[in-house]
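Trainee: kindly generate the corresponding structure for this input.
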Amino acid sequence: MGIDDLAAMAAIAAAQDGVFALHQACADGIDRRAVHRAASSGLIVPIRHGVYRFTATPSSVRREVRAAVLSVGDGARASHESSLHLHGVPNLPIAGPVVSVPPGRRANHPGIRVHRLVDQRADHLIEVAGIPTTTPARAIVDVSSVFSRPRMEWVLDQVTITSRLVTPGAIARVFRQINHRGRRNIAALGELLDERVAAGTVDRSTLERQMDELLAPTSLPRPTKEHPIPSLAPGEGFADRAWAEALLILEIDGRPYHERRLAMRRDRARDRAAARMGWQTMRVLDEEVADEPDLVIADLVDTHAMRVAQLRGTTIA
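Mentor: Residues are numbered from 1 along each chain as shown. Okay, here's the model as predicted:
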C-alpha cells in the first residue's frame, strides 16, 4: 500500500463524513488489495459491507446513514427517520439507518432497515450533503406507517410550525400521490393533516375562483366550468373544470379527509366512468392549491400538453 493510495482514499472519505465504498476506491484507480492492506493495518475499519471509515473518524448519525446508502448500492436512498434526520428534524428515535430501494432489490442488509418502495417518484427524491434521500414531505408520509399517532403529532408540529421545514400542503400533495392500499396507518396521517389545515373551511366557489386565478396567466386554454362527467350512463355529476381538446378533467377537493375517504368509492367510480370515455381526471387538494400552487399548475400544464400530443398522435420532446 503506497502513500498515494492512502491519500486517494482519504480524499474520497473527506467529502463523505470520513467514509468511502470499495467500489468508489476502485473507480478512482485504487487497487482493492491496497484497501484490504489498509484495513489489515488498522488505518481504516469496515463498518458496512464494502464500506470503510478512517479509524480516527468521529461517530455521527449522518455518517452511519451515508455508509448504509453506499453499502446497499445503486438506487438506494435514505428514507423515513434517516431522511428526516438529514433534513434537520431533531430528537428522533434512531435505532439504525433506514434505506429505501426500488422493487426487486435485495432487502436483507444486516443492521439496516430496508424498505422496497413501489411508488417512488422523481419529485420525491433529493440529495442532502451528497446523500440520496427523500424530500421532507415524502419522509413524513413514509414515517406515518411506523410512528405512533402521538409521535406523528409531534413530528408534524416540528416540521410545519417549529422549523417550517415543509408546508401542510406539500405533505398533503405527497399523501394524495401515494395513498394506496397496503400503506399502514396512512389514514391517521390524513386525520392529523385535517386538524392542522382545517380542510373544508373554504367554500367551493372560493376554491374554484382561486384555481381560476392561478390558471389565468398560464398558456392553458380557458376550461369549461361544471362540465358533465363523460359517461356511458348519464347522471355521474359535473366536473369542476374540463378541457375538451385534451379530454382532461380537473377536480378540486376541499373536503376534510374523513369525508374524502367516505366518498372515495364514488370518486373512483366517476373517474372510471370518464376513463371509459377516454378522459383523464386530475384531482388536487385545497391544501395543495394554498401551499403548492406552482407545482399544481405545472402538473396541469404538463398533463394538458401530454394529453393533446397523445390525441394528435405526436410526442413531446
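Trainee: then the helix or strand in which residue 192 is found to PDB, C-alphas only?
Mentor: According to DSSP states H and E, residue 192 maps onto helix 186-197. Once non-C-alpha atoms are left out, helix 186-197 reads as follows in PDB (Å, rounded to 0.1, in the frame of the first residue of the first chain):
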ATOM      1  CA  ILE A 186     -51.900   6.400   6.400                       C
ATOM      2  CA  ALA A 187     -55.500   7.100   7.300                       C
ATOM      3  CA  ALA A 188     -54.300   8.500  10.700                       C
ATOM      4  CA  LEU A 189     -52.000  10.900   8.800                       C
ATOM      5  CA  GLY A 190     -54.900  12.300   6.900                       C
ATOM      6  CA  GLU A 191     -56.800  13.000  10.000                       C
ATOM      7  CA  LEU A 192     -53.800  14.800  11.600                       C
ATOM      8  CA  LEU A 193     -53.400  16.900   8.500                       C
ATOM      9  CA  ASP A 194     -57.100  17.800   8.700                       C
ATOM     10  CA  GLU A 195     -56.500  19.100  12.300                       C
ATOM     11  CA  ARG A 196     -53.700  21.400  11.000                       C
ATOM     12  CA  VAL A 197     -55.100  22.700   7.800                       C
END
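Trainee: which other helices and strands does that helix contact?
Mentor: Where contact means 3 or more Cβ pairs under 8 Å, 6 or more residues apart in numbering; DSSP states H and E, helix 186-197 is packed against helix 136-143, helix 149-157, helix 168-178, helix 257-276, helix 286-291. Any C-beta I mention is one placed from the backbone N, CA and C, and that applies to glycine too.
Trainee: highest average neighbour count across these?
Mentor: Highest mean neighbour count among the helices and strands packed on helix 186-197 (mean count of other Cβ atoms under 10 Å): helix 136-143, with a mean of 27.
Trainee: residue ranges in the protein under the pLDDT threshold?
Mentor: Within the chain, the stretches with pLDDT under 70 are 1, 180-185, 197-203, 257-258, 261-262, 314-317.
Trainee: what residues go with each domain of it?
Mentor: 3-57, 62-197, 204-312 (automatic domain parsing).
Trainee: what about the last one, start to end distance?
Mentor: Same thing as domain 204-312. Criterion Cα to Cα, to the nearest Å; first-to-last residue distance in domain 204-312 is 34 Å.
Trainee: residues in contact with stretch 244-256?
Mentor: Residues from elsewhere that reach stretch 244-256 (Cβ atoms under 8 Å, 6 or more residues apart in numbering): 194, 199-200, 202-204, 207-208, 211, 221, 223-224, 227, 229-230, 239-242, 260, 263, 267, 274, 277-286, 289, 300, 303-304, 307-308, 311.
Trainee: kindly report the same for stretch 90-109.
Mentor: Residues outside stretch 90-109 that contact it (Cβ under 8 Å, 6+ apart): 48-49, 61, 64-65, 67-69, 71-72, 75-85, 111-118, 120, 134, 142, 155, 158.
Trainee: one more pass at 7 Å, please.
Mentor: The contact list for stretch 90-109, computed with Cβ atoms under 7 Å, 6 or more residues apart in numbering, reads 61, 64-65, 68-69, 71-72, 75-82, 84-85, 111-118, 120.
Trainee: for the helix holding residue 192, buried residues please.
Mentor: For helix 186-197, burial by neighbour count (16 or more other Cβ atoms under 10 Å) applies to 186, 188, 189, 190, 192, 193, 194, 196, 197.
Trainee: are any of the contacts of stretch 244-256 buried, and which?
Mentor: 194, 199-200, 202, 207-208, 211, 223, 227, 229-230, 239-242, 260, 274, 279-282, 284-286, 289, 300, 303-304, 307-308.
Trainee: now, those that are in helices?
Mentor: Residues of those located in helices (DSSP state H): 194, 207-208, 211, 260, 274, 286, 289, 300, 303-304, 307-308.
Trainee: between those, which is closest to residue 42?
Mentor: Taking Cβ to Cβ as the measure, residue 42 lies nearest residue 194 of those, at 56.1 Å.
Trainee: so what's the residue nearest the centre of the chain closest to, chain neighbours aside?
Mentor: For the chain, residue 124 is the residue whose C-alpha lies nearest the centre (Cα atoms, centre = their mean; 2.9 Å). Ranked by Cβ to Cβ, 6 or more residues apart in numbering and with sequence neighbours excluded, the top spatial neighbour of residue 124 is residue 138, at 4.0 Å.
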